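Undergrad: Sequence and predicted structure below; questions after.
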Amino acid sequence: MIEPVDATTFETVADGTALTVVDFWADWCGPCKMQTPALEALDEDYDGKIKFASLDVDQYKEIAEKFEIMSIPALVVFKNGKPAEKVVGFHPQAALKKYLDQKLAEVTKAE
């Protein structure tokens, strides 16, 4: 299960885990609803290797603004606790897996 975060818990989401992916979404967003099952499957695939979290942009607008989220769904990838990249729009599970495999390899290589 992907960890939902809020204004209080957001600061702990990217707690230094090598890679953390935060899904910025809204309940009214069709592509967000399509993206969720892919992210849930990837959360299982990467158990312990990549941390996943989700944030409702309607409830926590200030956090979405801080990360300059202009379109959703949007994924912010944190490397070692710092925002590194943003992926905007719907992406199929296979495409996200390929992307995350590459990011994980980069982190592993850097260690």
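TA: On my side now, so go ahead. These figures come from a predicted structure and were not determined experimentally.

Undergrad: which stretches of the protein have low pLDDT?
TA: Screening the chain residue by residue with the criterion pLDDT under 70, one finds the ranges 16-17, 110-111.

Undergrad: Do a quick rundown of the strands in it.
TA: If you assign secondary structure with DSSP state E, the strands in the chain sit at 3-4, 19-25, 50-56, 74-79, 82-88.

Undergrad: Tell me which of those strands sits most buried.
TA: strand 19-25 (a mean of 24; mean count of other C-beta atoms under 10 Å). Just so you know, the C-beta spots here come from the backbone N, C-alpha and C atoms, and that holds for glycine as well.

Undergrad: which other helices and strands contact it?
TA: Using 3 or more C-beta pairs under 8 Å, 6 or more residues apart in numbering; DSSP states H and E as the contact test, the elements touching strand 19-25 are helix 30-45, strand 50-56, strand 74-79, helix 93-110.

Undergrad: Let me know which of these is the nearest to Ala14.
TA: Distances from Ala14 to each of these were compared using C-beta to C-beta; the shortest belongs to strand 74-79, at 3.7 Å.

Undergrad: ok, and the closest non-adjacent residue to Cys29?
TA: Distances taken as C-beta to C-beta, 6 or more residues apart in numbering place Ile72 nearest to Cys29, at 5.3 Å, with adjacent residues excluded.

Undergrad: sorry, back to before: figure out which of the strands of the chain is closest to Asp101.
TA: strand 50-56 (10.0 Å).

Undergrad: Give me the contact list for the closest one.
TA: Here strand 50-56 makes contact (C-beta atoms under 8 Å, 6 or more residues apart in numbering) with 2-6, 10, 13-14, 17-27, 36, 39, 42-43, 46, 63-64, 100, 104.

Undergrad: wait, doesn't Tyr46 sit right on Leu100?
TA: Yes: under the criterion of C-beta atoms under 8 Å, Tyr46 makes contact with Leu100 at 6.7 Å.

Undergrad: So those two - more neighbours on which side?
TA: Per other C-beta atoms under 10 Å, whichever of Tyr46 and Leu100 has more neighbours is Leu100, with 21 against 17.

Undergrad: Return the residues in contact with the residue nearest to Cys29.
TA: By C-beta under 8 Å, 6+ apart, the contact list for Ile72 reads 24-26, 29, 31-32, 57, 88.
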